[in-house]
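Asks: This is the structure alone, sequence omitted:
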């Protein structure tokens, strides 16, 4: 399964809190599962993160995939960012999470 197969975005939020700091969070319904992709770009790479999580039956989030800031932070702008800036990282995380998950029954 790829990110485009039967993946529905049910919520998406982009926010820029201050210069150089912005975040994209998307929630997907895929094959009966709930996945959250969160890319948080801080001015400083060590305070940034990019991860995909699955909602467990206990209603807690479990990390499935992570992309270190060293692999994407430098390619993101300090100014004039929008959701499209972080979308490629979010898409990569979603695809990785789908490869990790077993096929649905």
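Replies: Noted; the coordinates are in hand. Being a predicted model, the structure only gives us computed values, none of them experimental.
Asks: name the helices or strands packed onto the longest strand along the chain?
Replies: Taking DSSP state E as the criterion, the chain has its longest strand at strand 7-18. Packing partners of strand 7-18 (3 or more CB pairs under 8 Å, 6 or more residues apart in numbering; DSSP states H and E): strand 21-30, helix 83-100. The C-beta positions use only the backbone N, C-alpha and C, and glycine is treated the same way.
Asks: For the most centrally placed residue in the chain, list the residues it contacts.
Replies: Central residue of the chain (CA atoms, centre = their mean): residue 37, 2.6 Å from the mean position. For residue 37, the contact set (CB atoms under 8 Å, 6 or more residues apart in numbering) comprises 24, 25, 26, 27, 28, 51, 52, 53, 90, 93, 94, 97.
Asks: Surely the fifth one and residue 91 touch.
Replies: No: here residue 28 lies out of contact with residue 91, judged by CB atoms under 8 Å, at a distance of 10.8 Å.
Asks: Show me which of the two is the more surrounded one.
Replies: Remark: of residue 28 and residue 91, residue 28 carries more neighbours, 22 against 16, as counted by other CB atoms under 10 Å.
Asks: ok, back up a step: given the longest strand of the chain, what are its sheet partners and their directions?
Replies: In the sheet, strand 7-18 lines up against strand 21-30 (antiparallel) (DSSP bridges).
Asks: Give the buried residues for the partner strand.
Replies: Neighbour-count burial for strand 21-30, counted by 16 or more other CB atoms under 10 Å, picks out 21, 22, 23, 24, 25, 26, 27, 28, 30.
Asks: And stretch 52-71, by the same measure?
Replies: For stretch 52-71, by 16+ other CB under 10 Å, it's 52, 53, 54, 64, 65, 67, 69.
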